[in-house]
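> Pasting a predicted model and its sequence here:
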Amino acid sequence: MVALFNHRVVRSLAGHRRDVSQNRTSRREHVCEMETQEFHDFDAFANSVAGVDSRMLLRDAERRNWTIDRVELPGIQIQVGRLGSGNIACGQMHADTLMLYLPLTPGIEYRGNGETIERGSFFALEPAAEFCITTQVSHDWCAVSIPIDPHQQNGVESRVRSCRVARPSRVASCQFCDIVANVMNAAAASPEFETSRAAELAASKLLGLVKPIASQRRKETQLTIGRPKVARDEIIDRALAILEEDQGTYPNVDELASQSGVSERTLRTIFREYFGLGPARFLQLRQLHELRRALRSADPDHQTVSQILTEHGVWAFGRCAARYADLFGELPSVTLRG
């Protein structure tokens, strides 16, 4: 299926390429008009990203629609996402998919599992690995995926399932961006491109880059915090597990810190490093998103907004409704009525 590319994203790829190489000229400028697949709902967008199971928390109000462009090549898939809001996207890779995630929007911070994904770098997501990607504002990304046999025991497939920032050479990064941009342009210009010899050659070149980039080994450093030293990821795992186990309950920051076995100050530091916001705001966003899911699945003929809010531990109805409207652009009553 050919989904169509747009001028702004092609320019983002070209800009990414220029950032990592100042000595080479940019690609050709001609880009064909393209049709995009749009989503008016961020949950529908998240469910449509191939190769992952994920859930999103919006960080701020939506500023535009959500779109995904997708091109299928022999043995490889390219997706380009345009996201309407800053968000926290957490989930797990499918067991048969390896992905390279490439930030496209300049001037904003992308973080993958708490690590900054610099311009010119990739976030490598191995099969079955858990991930959390955070951004502050609306942005674009490119993801290149290849199928992996989960039973193979060589190459990338045999390594520990993890996500990490990969920093390839300038040459490799430039080649990668060139190929992706040219593929998307060609797919825009001709619906027959995906079955052409040119598509086979492009796929072969990309495959030759994806595995070496994804297989880059880095010096393993375990980020620790507090006394005694505790791995940061372990604390995040504890906190999220507590929240998942206690669906429908909403601990405050003190309670979450205590149950996670760290001080409130330590928890605040870790959340800001990992999610880009403090635990109080994270808990508030989580509650608002759970309310939204409950309202959308409720029967408006038999349930009221007040009942649903009360079931989710909300008693300050007016304040909660205002925060809900600020984030989702509508009052809870509108969501309930569908």
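In hand now; what should we look at? Quick caveat: nothing in here was measured; it's all calculated off a predicted structure.

> Helix or strand: which one has Gln307?
Element membership for Gln307, per DSSP states H and E: helix 305-311.

> Can you name the residues in contact with that helix?
With CB atoms under 8 Å, 6 or more residues apart in numbering as the test, helix 305-311 has contacts from Gly248, Leu291, Ala294, Leu295, Ala298, Trp315, Phe317, Cys320, Ala321, Pro332, Ser333, Leu336. All C-beta atoms are positioned from the backbone trio N, CA, C, and that covers glycine.

> Give me the subset of those residues lying in helices.
Leu291, Ala294, Leu295, Phe317, Cys320, Ala321, Pro332, Ser333, Leu336 (DSSP state H).

> just to revisit the earlier point, which among the contacts of helix 305-311 count as buried?
Taking 16 or more other CB atoms under 10 Å as the criterion, what is buried in the contacts of helix 305-311 is Leu291, Ala294, Leu295, Ala298, Cys320, Ala321, Pro332, Leu336.

> and of those residues, the nearest to Glu264?
Each of these was scored against Glu264 by CB to CB, and Cys320 proved nearest at 23.6 Å.

> Distance of the nearest residue to that closest one once chain neighbours are set aside relative to Val305?
Once flanking residues are discounted, Cys320 sits nearest to Val314: 4.8 Å by CB to CB, 6 or more residues apart in numbering. According to CB to CB, to the nearest Å, Val314 stands 10 Å off from Val305.

> got it, and Asp233?
In terms of CB to CB, Asp233 sits 38 Å off from Val305.

> Comparing the two, which shows the higher neighbour count?
The neighbour count for Asp233 versus Val305, taken as other CB atoms under 10 Å, is higher for Val305 (23 against 17).

> and the residue nearest to that one when sequence neighbours are not counted, what does it touch?
Nearest non-adjacent residue to Val305, counting by CB to CB, 6+ apart: Pro332, 4.8 Å away. Counting by CB under 8 Å, 6+ apart, Pro332 touches Leu291, Leu295, Val305, Ile308, Leu309, Cys320, Ala321, Tyr324.

> Can you tell me how far Pro332 is from Phe45?
Distance of Pro332 to Phe45, given as CB to CB: 22 Å.

> repeat for Ile108
Applying CB to CB, the value for Ile108 to Phe45 is 18 Å.

> more crowded one of those two?
Between Ile108 and Phe45, counting by other CB under 10 Å, Phe45 is the more crowded of the two (24 against 12).

> What helix or strand is Cys132 located in?
Judged by DSSP H and E, Cys132 forms part of strand 130-135.

> Can you list the buried residues in the next helix or strand after that strand?
The helix or strand immediately downstream of strand 130-135 is strand 139-147, counting by DSSP H and E. Buried residues in strand 139-147, defined by neighbour count with 16+ other CB under 10 Å: His139, Asp140, Trp141, Cys142, Ala143, Val144, Ser145, Ile146.

> Quick check, pLDDT for the fifth one.
Spelled out, that is Ala143. At Ala143, the pLDDT value in this model is 96.

> Could you do the second one as well?
Here the pLDDT value assigned to Asp140 is 95.

> what's across from it in the sheet?
Arg82 (DSSP bridges).

> so it makes contact with Pro106?
No: assessed by CB atoms under 8 Å, Asp140 is found out of contact with Pro106, at 10.0 Å.

> Can you give the domain ranges for this protein?
7-214, 222-276, 288-338 (automatic domain parsing).

> Give me the mean pLDDT for the second one.
Per-residue pLDDT values across domain 222-276 average out to 82.

> Ranking helices and strands of this protein by mean pLDDT, which lands last?
strand 224-225 (a mean of 54; mean pLDDT, DSSP states H and E).

> Residue ranges in the chain under the pLDDT threshold?
Scanning the chain with the threshold set as pLDDT under 70 gives 1-35, 152-161, 217-230, 246-248.

> Give me the contacts around the strand holding Cys132.
With contact meaning CB under 8 Å, 6+ apart, strand 130-135 is reached by 52, 54, 59, 83, 86-93, 101, 108-114, 123, 125, 163, 274-276.

> mind running it again at 7 Å?
Identification of contacts with strand 130-135 by CB atoms under 7 Å, 6 or more residues apart in numbering yields 86-93, 101, 108, 110-113, 123, 125, 163, 274-276.

> how far away is Leu331 from Asn182?
Counting by CB to CB, the gap from Leu331 to Asn182 is 46 Å.

> cool, Asp254 as well?
To Asn182, Asp254 is 54 Å away according to CB to CB.

> From the neighbour counts alone, determine which of those two ranks first.
When Asp254 and Asn182 are compared for neighbours, Asn182 comes out ahead with 17 against 12, by other CB under 10 Å.

> any idea where the strands of the chain begin and end?
37-39, 52-58, 66-73, 76-83, 87-93, 97-103, 110-112, 115-116, 122-125, 130-135, 139-147, 163-166, 224-225, 230-231 (DSSP state E).

> in the first one, what's buried?
What that stands for is strand 37-39. Phe39.

> How far away from the center of its chain is that strand?
Chain-centre distance of strand 37-39: 17 Å, with CA atoms, centre = their mean, to the nearest Å.

> in its sheet, what does that strand sit against?
Sheet pairing for strand 37-39, assigned by DSSP bridges, gives strand 66-73 (antiparallel).
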